[in-house]
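Undergrad: Just a sequence and a predicted model for now, questions to come.
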Protein chains: 2
Amino acid sequence: MIRFLLAEDQGLVRGALAALLAMENDLELVGSAADGEHAWRMVRELQPDVLVTDIEMPGITGLELAQRIQRHELPTRVVIVTTFARAGYLRRALDAGVSGYLLKDAPAEQLADALRRVHRGGRAIDPELALEAWGEADPLSDRERQVLRLAGEGLGAGDIAERLNLSHGTVRNYLSEAINKLGVSNRIEAYRLAHQKGWL
Amino acid sequence: MIRFLLAEDQGLVRGALAALLAMENDLELVGSAADGEHAWRMVRELQPDVLVTDIEMPGITGLELAQRIQRHELPTRVVIVTTFARAGYLRRALDAGVSGYLLKDAPAEQLADALRRVHRGGRAIDPELALEAWGEADPLSDRERQVLRLAGEGLGAGDIAERLNLSHGTVRNYLSEAINKLGVSNRIEAYRLAHQKGWL
DNA sequence: GATGGCGGGTGACAGTTGTCATCGCCAAGG
DNA sequence: CCTTGGCGATGACAACTGTCACCCGCCATC
C-alpha cells in the first residue's frame, strides 16, 4: 500500500485527482491540502510515502515544499504535477531532490504509474522536458532578474530604481544587458522570454 | 441518466475529472476531447445532454464551442469549467448561452451538482464571479484591443502598424487612448490590466 | 603595491513612446 | 445640403528607452 498526500490549490482538480487515484487499489490517500502551509504540516504529521504537489500555490510553493523535505531529511518522496513546462522549474525541482515531475497535459494513466515507480525508489520525469532542461541555462544575473521582474509589471526605469535603491541609469544598464543576453529587442520581449523559460 | 461530454486539453485533468464524475451513478460520460475541433465533432455526433468544457484549448476555445452550439440550436447545454475568474469571460459565456460557469478552485462536490442543475434546465454560475461581472464593462474598442494584444507581445508601434495596416502614428494614438481609458501609465500596465479582466 | 574583476553610476545620443491638437474622409441623420 | 461622428493620419513635443563608452570604489589575489 502506497500512502500519499495531495497538495493542489484548485479544489476541482484536487478532488478529481483524488478520485482518479482512488481507483487504484494499491494507493491510499492519507490527506489533501489546498496550500503549501497545510501541506507542509501534513507531511510532517502523516509521514506519507509520496507527496503529489502542484508548483504554484498560495503561500509555500511546491518547489519550496520539496526543499524543506530535503533539508529535514524526511522519507517522503515528492512528485511535482504542474501546468508549466519550464526548464527552469524542472532544474530547481531536481536540485530540491524531487523524484517525479509530470505535466498536467500528460495522459492520466501515467500518474499512478509514476507514484509506483517513485515509491520503488525510481524517478518519473517528463521525457520531453528532461531533454529541454539539458539545454540552455539561465544567463541572467540576480540583478537582471529583479529588474526584469519589475519591468514586467509595467514599472518604468525610475520606479524600478526607487524600489531597488539603484540609480535610474543603472537600471537601464541592467535592462539593456538582459535584453542583449536574451537576444530580443525590448523589455517586454525580454520579460516574456525569461518568464516562459521559468527564469523569472 | 445524464449523458455528458468532456472537453479539456490537459490530459491529467481530463482523466481526473472523468474519474470524479464516474463516481456519480446518474452521470454517463459519452466521450472526451483534448481540443475544440474534436469536441465540436463529438457534440454533433453524440448529442450529449451536457458539454463540460474548459475555455483555453488549442484550436477552438470553449467560448467558441458554446457560440456554435447556440447558433446551430443544438439541445446540448454547456458548463464552462475554467481557471480564469475573469468577468469578461463570464460575460461572453453568458452571451453565448452557457448554462454553467464554474471555477477550477471551487470545491469538487459542486461539479456533479452543477451538471444536474443544468440538465434540469437551471443555471450554475459561480456566485462571486457573477457579482463582479455586473461591475465594469470592457471600455476598449476593437482596434484598441487588437493593438493592445500585439503590444503585449513586445511589438513596437512600427511592427504593430505593419500587421494591422495602419500608420505608426495611429497605432500610438490607439495605445494612448487605451492607456488613458484604463487609467494606467504605459502599454505594459494597460496590457496586463486588460488581460487580467478578460478583455484581451 | 599593482592588477583586475565586479557592482554600480554618469553622460550623451538616437530611437521609441505617450500626448495633444488638428485634419481629411466618408457615412449616416437631420 | 449641412452637420455630426467615427476612423485614420500628421506633426510636434516631452518623456522614456536602449546603447555605449567610461568612471569610481572596493575586494581579492598575485
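TA: That came in fine, so what should we check first? Numbering: from 1, shown residues only, chains lettered A, B, ... in the order given.
Undergrad: tell me, what residue is most central in chain A?
TA: A:Ile55 (4.0 Å; CA atoms, centre = their mean).
Undergrad: Quick one: distance of the helix or strand bottoming out on mean pLDDT in chain A to the chain centre.
TA: The least trusted helix or strand in chain A, going by mean pLDDT, DSSP states H and E, turns out to be helix A:127-133, with a mean of 78. The chain centre lies 15 Å from the centre of helix A:127-133; the measure is CA atoms, centre = their mean, to the nearest Å.
Undergrad: what about the most far-flung residue of chain A relative to its centre, which SS state?
TA: Distance from the C-alpha centroid of chain A peaks at A:Gly169, with 33.5 Å (CA atoms, centre = their mean). Classification of A:Gly169 using DSSP: H, G, I helix; E, B strand; the rest coil returns helix.
Undergrad: How confident was the prediction at it?
TA: As predicted, A:Gly169 sits at a pLDDT of 95.
Undergrad: what separates it from A:Ser176, distance-wise?
TA: Taking CB to CB, to the nearest Å as the measure, A:Gly169 falls 10 Å from A:Ser176. Every C-beta, even on glycine, is put in place using the N, C-alpha and C of the backbone.
Undergrad: ok, which residues in chain A are in contact with chain B?
TA: Residues of chain A that fall close to chain B, judged by CB under 8 Å from any CB of the partner chain: A:9-20, A:22-23, A:81, A:83, A:102-111, A:151-154, A:156, A:184-186, A:188-189, A:192.
Undergrad: Show me the shaky parts of chain A.
TA: A:133, A:135 (pLDDT under 70).
Undergrad: count of residues packed around the closest residue to A:Trp199 other than its chain neighbours?
TA: Ranked by CB to CB, 6 or more residues apart in numbering or on different chains and with sequence neighbours excluded, the top spatial neighbour of A:Trp199 is A:Asp138, at 4.3 Å. Residues lying near A:Asp138 (other CB atoms under 10 Å in any protein chain shown) number 16.
Undergrad: try A:Leu166
TA: Quick note: A:Leu166 (other CB under 10 Å) scores 18 neighbours.
Undergrad: So it belongs to a helix, correct?
TA: No. Read with three-state DSSP, A:Leu166 is coil and lies in no helix.
Undergrad: Find the helix or strand that the nearest residue to it once chain neighbours are set aside is a member of.
TA: Once flanking residues are discounted, A:Leu166 sits nearest to A:Ile160: 7.6 Å by CB to CB, 6+ apart. If you go by DSSP states H and E, A:Ile160 is part of helix A:157-164.
Undergrad: Run through who's touching that helix.
TA: Applying CB atoms under 8 Å, 6 or more residues apart in numbering or on different chains, the external contacts of helix A:157-164 come out as A:143, A:146-147, A:150-151, A:155, A:166-168, A:170-172, A:175.
Undergrad: so does that helix get close to DNA strand D?
TA: Yes. Against DNA strand D, helix A:157-164 shows contacts by CB under 7 Å from any atom of the strand at A:157-158.
Undergrad: any idea how far that helix is from the chain center?
TA: Distance of helix A:157-164 from the chain centroid (CA atoms, centre = their mean) equals 28 Å.
Undergrad: So for that helix, what gets flagged as buried?
TA: A:157, A:159-161 (16 or more other CB atoms under 10 Å in any protein chain shown).
Undergrad: May I see these organised as CSV, with distance to B:Val98 added?
TA: CSV is the format used below for the buried residues of helix A:157-164 (distance: CB to CB, whole Å):
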residue, distance to B:Val98
A:Ala157, 44
A:Asp159, 41
A:Ile160, 42
A:Ala161, 47
